[in-house]
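Participant: The sequence isn't on hand, but the structure is:
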């Protein structure tokens with residue numbers, strides 16, 4: 001049964017075949033399986049990123065960081081802190097709105113968790129392969145601000161309220177240039193589907209990665225990374241929780257496990273925005289080494305029960321997670337390098353500089369294809385960059401199902417025999 005799992009295109013197909021007469025409930029089982037897999041990554045990734053931030057900040061400040069719990073490098077320090085937070089008393093201020101105060105961390109948690117539903121970790125390894133995946137992910141992540149506003153408003157503290165209002169102004173403002181910068185590579189790709197965009201970027205990193213597709217996508221990456229760092233409340237843009245001004249910002253009155261939900265969502269959100277950048281600019285799950293990627297893709301259709309295909313997808317997943325972790329490391333590095341901005345400087349940076357820059361890049365990305373517009377003989381007019389149209393690579397990289405393979409191998413009937 002284990003080897004038979006590898007021969008199916010997805011977990012859904014495998015569960016449907018195993019449920020038999022209970023096939024109508026297969027979608028419930030599949031949803032639970034996907035949720036368990038995502039929640040494990042959602043919970044484990046922040047454990048690593050918090051440890052990484054402590055080590056990086058220690059090195060930058062000429063310290064060692066965690067060195068005791070879990071061995072020489074303090075691997076288990078974050079886990080020990082998590083166990084401590086679970087044991088702490090869950091307090092609620094007397095002047096707080098009890099209901100909103102308690103549910104606010106869950107709204108923030110679920111908003112960030114929902115973004116991972118459409119984020120592929122490899123070629124076809126995604127909970128829901130939506131055609132509007134990028135739009136869905138950006139929309140769901142924007143719901144986090146609702147939980148933060150409720151947390152600040154319901155705490156019964158002016159410091160928490162100030163932090164919530166700052167976060168509302170900052171997130172709503174920075175989401176606009178973030179979405180516009182995401183549109184720049186989407187214009188080049190012609191798709192909102194993460195899997196399709198990933199398949200377009202096979203081959204050598206230059207010029208196949210969308211970051212190197214044209215000058216506007218190259219510049220859009222840096223603008224996107226800046227606004228994405230601000231959207232997840234990272235320094236120097238962390239004005240919502242500025243401890244030198246607002247004690248701790250919107251989560252001042254929180255303690256224990258509810259306090260940890262905010263930080264779990266923050267670190268998971270760092271990987272989420274980095275994952276979007278990996279797909280829109282940095283080649284998705286491909287290594288950027290043309291012969292190596294071509295060899296791995298060719299192995300996906302070889303071997304019994306699709307085991308090699310599973311191994312190749314596992315390699316692609318490691319590549320994707322590594323790229324995302326490198327961008328998270330860069331966000332951590334920036335936090336411990338640059339000083340915090342004032343709230344007026346944060347808003348001015350967005351409205352006076354980043355927003356006009358993103359609009360200019362989007363306009364340039366729309367006009368750029370006109371310079372490379374060509375009409376091939378016998379074909380409809382198509383836009384081409386550096387030779388092969390991007391969508392042709394999606395069709396070539398898409399694994400064919402058994403039914404499609406049988407249809408392609410069947411002899412073609414003459415027109416009169418149909």
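Facilitator: Okay, I see it. If you're wondering where the values come from, they're calculated on a predicted model, not measured in any experiment. Numbering: from 1, shown residues only.

Participant: Strands along the stretch 301-418 of the chain, start to end?
Facilitator: Assigned by DSSP state E, counting those that start in this stretch, the stretch 301-418 of the chain shows strands spanning 373-374, 382-383.

Participant: mean pLDDT for these: which is lowest?
Facilitator: Mean pLDDT is lowest for strand 382-383 out of those, coming in at a mean of 47.

Participant: which parts of stretch 114-132 are buried?
Facilitator: The neighbour-count check on stretch 114-132 (16 or more other CB atoms under 10 Å) flags 114-127, 130 as buried. All C-beta atoms are positioned from the backbone trio N, CA, C, and that covers glycine.

Participant: List the contacts of that stretch.
Facilitator: 9-10, 34-35, 37-38, 41-42, 133, 136-137, 140-141, 143, 191-195, 198-199, 268-269, 272, 275-276, 279, 284-285, 300, 312-314, 316-317, 320-321, 397, 399 (CB atoms under 8 Å, 6 or more residues apart in numbering).

Participant: What of stretch 41-60?
Facilitator: Taking CB under 8 Å, 6+ apart as the rule, stretch 41-60 contacts 63-66, 73-75, 77-79, 81-82, 112-113, 116, 263-264, 267-268, 270-271, 328-329, 332-333, 335-337.

Participant: again, but for stretch 92-112
Facilitator: By CB under 8 Å, 6+ apart, stretch 92-112 touches 42, 140-144, 146-148, 150-151, 153-157, 253-254, 258-259, 261-262, 264-265, 268-269, 272.

Participant: Buried only: go through these for me.
Facilitator: 42, 140-142, 144, 147-148, 150-151, 153-155, 157, 253-254, 258-259, 261-262, 264-265, 268-269, 272.

Participant: pull the longest helix from this structure.
Facilitator: For the chain, the longest helix by residue count, based on DSSP state H, is helix 26-60.

Participant: After that one, which helix or strand is next?
Facilitator: Heading C-terminal from helix 26-60, the first helix or strand you meet, by DSSP states H and E, is helix 77-87.

Participant: Run the chain-centre distance for that next one.
Facilitator: The chain centroid and the centroid of helix 77-87 are separated by 26 Å under CA atoms, centre = their mean, to the nearest Å.

Participant: What is it packed up against?
Facilitator: On a contact count with 3 or more CB pairs under 8 Å, 6 or more residues apart in numbering; DSSP states H and E, helix 77-87 meets helix 26-60, helix 256-281.

Participant: returning to what we had before: which of the contacts of stretch 114-132 are buried?
Facilitator: 34, 38, 42, 133, 136-137, 140-141, 191-195, 198-199, 268-269, 272, 275-276, 279, 284-285, 300, 312-313, 316-317, 320-321, 397.

Participant: Just confirm residue 194 contacts residue 285, I think it does.
Facilitator: No - the pair residue 194 and residue 285 does not pass the contact test of CB atoms under 8 Å, sitting 10.3 Å apart.

Participant: if we can go back for a sec, narrow the contacts of stretch 41-60 to those that are buried.
Facilitator: 65-66, 74, 77-78, 81-82, 112-113, 116, 264, 267-268, 270-271, 328-329, 332, 335.

Participant: For residue 89, give me its contacts.
Facilitator: Contacts of residue 89 by CB under 8 Å, 6+ apart are 255-256.

Participant: Distance check, it against residue 341.
Facilitator: Using CB to CB, to the nearest Å, one obtains 35 Å as the distance from residue 89 to residue 341.

Participant: go on, residue 54?
Facilitator: With distances taken as CB to CB, residue 54 is found 23 Å from residue 341.

Participant: got it, and residue 270?
Facilitator: With CB to CB as the criterion, residue 270 and residue 341 are 19 Å apart.

Participant: Repeat that for residue 282.
Facilitator: For residue 282 relative to residue 341 (CB to CB), the value is 27 Å.

Participant: Of the two, which one has the most company?
Facilitator: residue 282 (22 against 18; other CB atoms under 10 Å).

Participant: correct me, but that one touches residue 208?
Facilitator: No - using CB under 8 Å, residue 282 is not in contact with residue 208, being 11.0 Å away.

Participant: And residue 269, how close does it get to residue 144?
Facilitator: For residue 269 relative to residue 144 (CB to CB), the value is 7 Å.

Participant: do the same with residue 99
Facilitator: From residue 99 to residue 144 the distance is 19 Å (CB to CB).

Participant: Repeat that for residue 74.
Facilitator: 30 Å.

Participant: Quick check: the gap between residue 172 and residue 165.
Facilitator: On the measure of CB to CB, residue 172 and residue 165 end up 11 Å apart.

Participant: who's more crowded, the two?
Facilitator: Ranked by neighbour count (other CB under 10 Å), residue 172 and residue 165 place residue 165 first, with 17 against 13.
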